[in-house]
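# Test case, fold it:
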Amino acid sequence: MSALGDAVDDYIMVRRTLGSKLDSEARLLASFVAYVEAVGAKTVTTELAVAWAKLPGPDAHPSYLGRRLCAVRGFARHLQAFDPATEVPSAQLLPMQSCRAVPYLYSEDEILALMEAASRLTPALRAATYETLIGLLWATGMRIGEVVRLNQADVDWEEGILTVWHSKFDKSRELPLHPSTLQALTEYASVRDELCPRAKEASFFMSTARRRMVLVTVQSTFTRLVRQVGLKPRSERCRPRVHDLRHTFACRVLLGWYQAGVDVEAHLPQLSTYLGHVDPSSTFWYLTATPELMALAAQRRDRARSFGS
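This next block holds a predicted model:
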């Protein structure tokens, strides 16, 4: 098998290890490799990817052509971590609605900058609310809607457990909290009760109107904080969003497992449960193929192969 064919096998194996099935992608990428080899190329380029994606002809549905190119795009993003000459086709070429945005993975310094900017908001209740909210999203990977719906009674202070009720797919779950996270929530609750003693709702995070926060307001405020600290889009499809705190949490957990030598495949269902996913395959979309992550996965694969030889 060619080097490009081996790279496809590695890519498919790594993603399946993380819970994705990739049945159609495997077939499409095998066809793409055959095409690249037939024209005598050794490197994946945008020109080759688009030419192959358009092979079904003008009568093919645009969404199918987009799906073909999207399969190559995911593989090219993986391959680029090992071969910098690889070109990743732009999402603007043969776009398809189901090809997801690239998550913006925040660094710890960026999160600290966002929390610092939030702490300077006015009035004081608004500052405390947004600073703690961003920290909770970073520490737990909760959905922003879950945080907005959180009630004061949903935090068990003695057990250190936060309960998310009737979230996506009507699933509820309990989230054990790190002591530092619990301490931050305790401090916020004290400030909230002092500044908002006659709240109109039982919401944990309170707006200055003494009511539950409004999702669209949270998102617009977060966007302003992003601009204030100078975070820039990394591409047309990779822009800092509040939802990407969830992606970042999942990737941080996975990277920690790889670095600690943990059996990632065995532990992935635990992460899926913590995030509130139906099954581990849904969690894959939060495990972006960053160069660091893919390098660790490849090292794990190579060690496994060496023991089996």
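
# how far away is the most centrally placed residue in the chain from Cys238?
Of all residues in the chain, the one closest to the mean position by C-alpha atoms, centre = their mean is His247, 2.1 Å from it. According to C-beta to C-beta, to the nearest Å, His247 and Cys238 sit 11 Å apart. (Each C-beta comes from the backbone N, C-alpha and C, glycine too.)

# What's the mean pLDDT across stretch 273-291?
Here stretch 273-291 scores 70 as its mean pLDDT.

# Let me fix that, I meant to ask about stretch 191-207.
Here the average pLDDT along stretch 191-207 is 92.

# mind checking the end-to-end distance for that stretch?
13 Å (C-alpha to C-alpha, to the nearest Å).

# And the contacts of it?
123-126, 128-129, 132-133, 147-148, 150-155, 185, 189, 209-214, 217 (C-beta atoms under 8 Å, 6 or more residues apart in numbering).

# Could you list the buried residues of stretch 116-125?
117-118, 121, 125 (16 or more other C-beta atoms under 10 Å).

# Same check on stretch 21-33?
Buried, per 16+ other C-beta under 10 Å, within stretch 21-33: 22, 25-26, 28-29, 32-33.

# swap in stretch 252-259?
For stretch 252-259, by 16+ other C-beta under 10 Å, it's 252-255, 257-258.

# for Arg73, what are its contacts?
Per C-beta under 8 Å, 6+ apart, neighbours of Arg73: 49, 88-89, 91, 99.

# So for the residue nearest to Ala30 when sequence neighbours are not counted, what's the pLDDT?
Using C-beta to C-beta, 6 or more residues apart in numbering and skipping residues adjacent in sequence, the residue nearest Ala30 is Val8, 6.9 Å away. Looking at Val8, its pLDDT reads 92.

# pretty sure Val8 contacts Arg27?
No. With contact defined as C-beta atoms under 8 Å, Val8 does not count as touching Arg27 (10.9 Å).

# Filter the buried residues of stretch 21-33 down to the ones in strands?
Judged by DSSP state E, strands contain none of the buried residues of stretch 21-33.

# Which of those residues fall within helices?
Using DSSP state H, the subset of these located in helices is 25-26, 28-29, 32-33.

# if we can go back for a sec, what's near enough to touch the residue nearest to Ala30?
Val8 touches 26, 29-30, 33, 75, counting by C-beta under 8 Å, 6+ apart.

# where's it, which helix or strand?
helix 3-17 (DSSP states H and E).

# same question, Pro56
Secondary structure (DSSP H and E) places Pro56 outside all helices and strands.

# Please report the distance of it from Ala34.
15 Å.

# what's near enough to touch Thr223?
Thr223 touches nothing, counting by C-beta under 8 Å, 6+ apart.

# Would you quantify the distance from it to Val229?
Applying C-beta to C-beta to Thr223 and Val229 gives a distance of 11 Å.

# swap in Arg15?
Using C-beta to C-beta, one gets 33 Å for the distance from Arg15 to Val229.

# repeat for Phe75
Phe75 is 34 Å from Val229, by C-beta to C-beta.

# Compare those two and say which is more crowded by neighbours.
Phe75 (26 against 16; other C-beta atoms under 10 Å).

# And whichever strand or helix holds the more buried one, how far out from the chain middle?
Secondary structure from DSSP H and E places Phe75 in helix 62-80. Remark: helix 62-80 is offset 19 Å from the chain centroid, using C-alpha atoms, centre = their mean, to the nearest Å.

# count of residues packed around Tyr35?
Tyr35: 16 surrounding residues under other C-beta under 10 Å.

# Spatially nearest residue to it, not counting backbone neighbours?
Trp52 (4.6 Å).

# one step back: what residues of the helix holding Val8 count as buried?
Neighbour count says helix 3-17 has 4, 7-8, 10-12, 14-17 buried, by 16+ other C-beta under 10 Å.

# go on, stretch 35-48?
For stretch 35-48, by 16+ other C-beta under 10 Å, it's 35-36, 44, 46, 48.
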